[in-house]
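S.K.: structure, please.
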Amino acid sequence: MAVDPSELAAFLYRRLDDDADAASEANAARWSPAGNAVEFQIRSAPLQDGVAQSRLAALNRANVWHIVNWAPPRVLAEVEAKRRIIRVCLDEPAVPEDLGLRRTQVLRLLSLPYAGHPHYRPEWHP
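M.R.: Residues are numbered from 1 along each chain as shown. Take a look at the predicted model:
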């Protein structure tokens, strides 16, 4: 069955929006390992009323969902997918110059999450 690229792109954008929403709602100021759990501090108002307590409960649910959503199997699947994208960008036979530039742009975009790494080069920024 043929794949409609616009439908696939729309699906991917919705999933990315879901991921961004989950990460934004998590709102943890600091996460750190605590034995077999994750310890985090919440950026929120003092818990002096029911509204603040309700907000904290919602933040806790959002944090749990974010942690579960980014569990190792998901991260590993994303790593493999990105590796395959890189292979496609590098392994295809010679192509017209404009397509070669697009492949380079894809690689630059994939590198953005690592822009804070000490080995990231400024010239890689899209």
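S.K.: tell me what the longest helix anywhere in the chain is packed against?
M.R.: Taking DSSP state H as the criterion, the chain has its longest helix at helix 5-26. With contacts taken as 3 or more C-beta pairs under 8 Å, 6 or more residues apart in numbering; DSSP states H and E, helix 5-26 sits against helix 50-69. (C-beta placed from N, C-alpha, C; glycine too.)
S.K.: what's the mean pLDDT across the helix it packs on?
M.R.: Mean pLDDT, helix 50-69: 72.
S.K.: other residues contacting stretch 117-126?
M.R.: Q105, R108, L109, S111, L112, Y114, A115 (C-beta atoms under 8 Å, 6 or more residues apart in numbering).
S.K.: switch the cut-off to 7 Å
M.R.: Residues from elsewhere that reach stretch 117-126, judged by C-beta atoms under 7 Å, 6 or more residues apart in numbering: Q105, R108, L109, S111, Y114, A115.
S.K.: dump those residues to a markdown table, plus distance to P126.
M.R.: Below are these laid out as a markdown table (distance: C-beta to C-beta, whole Å):
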| residue | distance to P126 |
| --- | --- |
| Q105 | 6 |
| R108 | 4 |
| L109 | 6 |
| S111 | 8 |
| Y114 | 13 |
| A115 | 10 |
